[in-house]
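Enquirer: Sequence unavailable; structure follows:
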């Protein structure tokens with residue numbers, strides 16, 4: 001037995017913050033161009049590594065924007081949830097790109113050990129400071145939105161990593177300027193590569209949880225069961241399933257056993273209203289599906305399977 005719940009396919013969590021992502025994309029691409037030019041002129045691998053990481057961030061933001069647009073396409077008989085999962089696939093691609101970038105940086109840094117070239121630290125320092133300022137601006141743009149969307153959070157974490165990477169490049173430039181220790185550039189490159197990997201892993205883990213339809217974080221199934229059982233007329237509940245379609249779109253379904261007397265048109269509607277209201281107010285879940293079963297039917301099934 002179904003109920004009238006709001007399966008809205010409107011704006012997803014990422015789409016709501018499209019303007020923020022566009023602003024960050026523009027800032028990031030501008031800084032990438034400056035840092036690549038600076039890396040070529042200065043000979044700094046750390047600066048090139050930071051530029052590469054920022055380029056991967058720009059690609060990730062572009063993918064997120066593209067996915068947000070695709071996710072707004074209406075559902076059809078072949079895709080009843082539309083294309084909302086496209087955002088999750090974009091986040092998966094973003095995580096994999098981060099991992100590849102970090103491995104490439106690490107390999108190149110290892111290759112340079114013992115043969116670090118002369119570095120023009122003035123250009124290296126100017127480009128790194130510019131990158132740090134740009135990253136700070138991007139963090140402020142994304143800070144309030146990063147809790148609502150996997151893709152926005154992915155972009156936020158990447159920009160945060162870029163900021164730390166810029167600090168590493170600045171530190172390396174200062175060390176080289178003061179001491180002449182050219183290997184500081186290679187060390188900074190390795191530090192940047194090692195900073196990228198944990199963030200990529202956490203994003204990948206969150207994406208895999210969504211794809212495997214794991215229970216959303218912060219949701220306690222036992223607590224939901226207790227709330228359902230507290231509704232008047234409900235005898236038992238089983239086959240509870242909670243998963244996530246995309247960021248900000250949790251889904252819930254359950255078989256609810258009710259007293260036989262409840263299963264008239266008015267009684268069933270009242271029970272469904274209470275169940276939907278309960279989940280919506282306590283667990284922020286609007287996409288609810290309940291199958292009501294009479295208690296006598298459950299007892300009949302139990303005797304058959306005894």
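Expert: Structure's in. What do you need? On a predicted model such as this, the values are computed, not experimentally measured, just so you know.
Enquirer: Please report how far the closest residue to residue 44 other than its chain neighbours lies from residue 40.
Expert: Spatial nearest neighbour of residue 44, chain neighbours left out: residue 124 (4.4 Å); criterion: Cβ to Cβ, 6 or more residues apart in numbering. Just so you know, the C-beta spots here come from the backbone N, C-alpha and C atoms, and that holds for glycine as well. If you measure residue 124 against residue 40 using Cβ to Cβ, to the nearest Å, the figure is 11 Å.
Enquirer: do the same with residue 105
Expert: Counting by Cβ to Cβ, the gap from residue 105 to residue 40 is 16 Å.
Enquirer: So for these two, which sits in the more crowded spot?
Expert: Taking other Cβ atoms under 10 Å, residue 105 and residue 40 do not tie; residue 105 has more neighbours (25 against 13).
Enquirer: looking at it, that one is touching residue 192, isn't it?
Expert: Yes. The criterion here is Cβ atoms under 8 Å, and residue 105 meets it with residue 192 at 6.3 Å.
Enquirer: residue contacts, the closest residue to residue 130 other than its chain neighbours?
Expert: Nearest non-adjacent residue to residue 130, counting by Cβ to Cβ, 6+ apart: residue 34, 5.9 Å away. Counting by Cβ atoms under 8 Å, 6 or more residues apart in numbering, residue 34 makes contact with 127, 130, 131.
Enquirer: where along the stretch 51-200 of the chain do the strands fall?
Expert: Taking DSSP state E, counting those that start in this stretch, the stretch 51-200 of the chain contains no strands at all.
Enquirer: And the helices in it?
Expert: 86-112, 121-142, 150-179, 183-211 (DSSP state H, counting those that start in this stretch).
Enquirer: and of these, who's closest to residue 258?
Expert: Closest to residue 258 of the helices of the stretch 51-200 of the chain, according to Cβ to Cβ: helix 183-211, at 31.9 Å.
Enquirer: After that closest one, which helix or strand is next? Please name it.
Expert: helix 221-229 (DSSP states H and E).
Enquirer: buried ones in that following helix?
Expert: 224, 227, 228 (16 or more other Cβ atoms under 10 Å).
Enquirer: Likewise for stretch 252-270?
Expert: 252, 254, 255, 256, 257, 258, 262, 263, 267, 268.
Enquirer: wait, doesn't the fifth one sit right on residue 296?
Expert: The reference is to residue 257. No. Contact between residue 257 and residue 296 fails when scored by Cβ under 8 Å: they sit 9.8 Å apart.
Enquirer: Please enumerate the shared neighbours of residue 105 and residue 192.
Expert: Common neighbours of residue 105 and residue 192 (Cβ under 8 Å, 6+ apart) are 49, 53.
Enquirer: How much space separates the spatially closest residue to residue 253 that is not a sequence neighbour from residue 123?
Expert: Spatial nearest neighbour of residue 253, excluding adjacent residues (Cβ to Cβ, 6+ apart): residue 289 at 4.2 Å. Between residue 289 and residue 123 the distance is 60 Å, computed by Cβ to Cβ.
Enquirer: ditto for residue 131
Expert: According to Cβ to Cβ, residue 131 and residue 123 sit 13 Å apart.
Enquirer: Residue 21 now?
Expert: 30 Å.
Enquirer: So for those two, which sits in the more crowded spot?
Expert: Shown here are residue 21 and residue 123; by other Cβ under 10 Å, residue 21 has more neighbours (25 against 19).
Enquirer: Tell me the predicted confidence for that one.
Expert: Residue 21 is assigned 82 on the pLDDT scale.
Enquirer: That one belongs to a strand?
Expert: No. Membership of residue 21 in a strand is not supported by DSSP: H, G, I helix; E, B strand; the rest coil, which gives helix.
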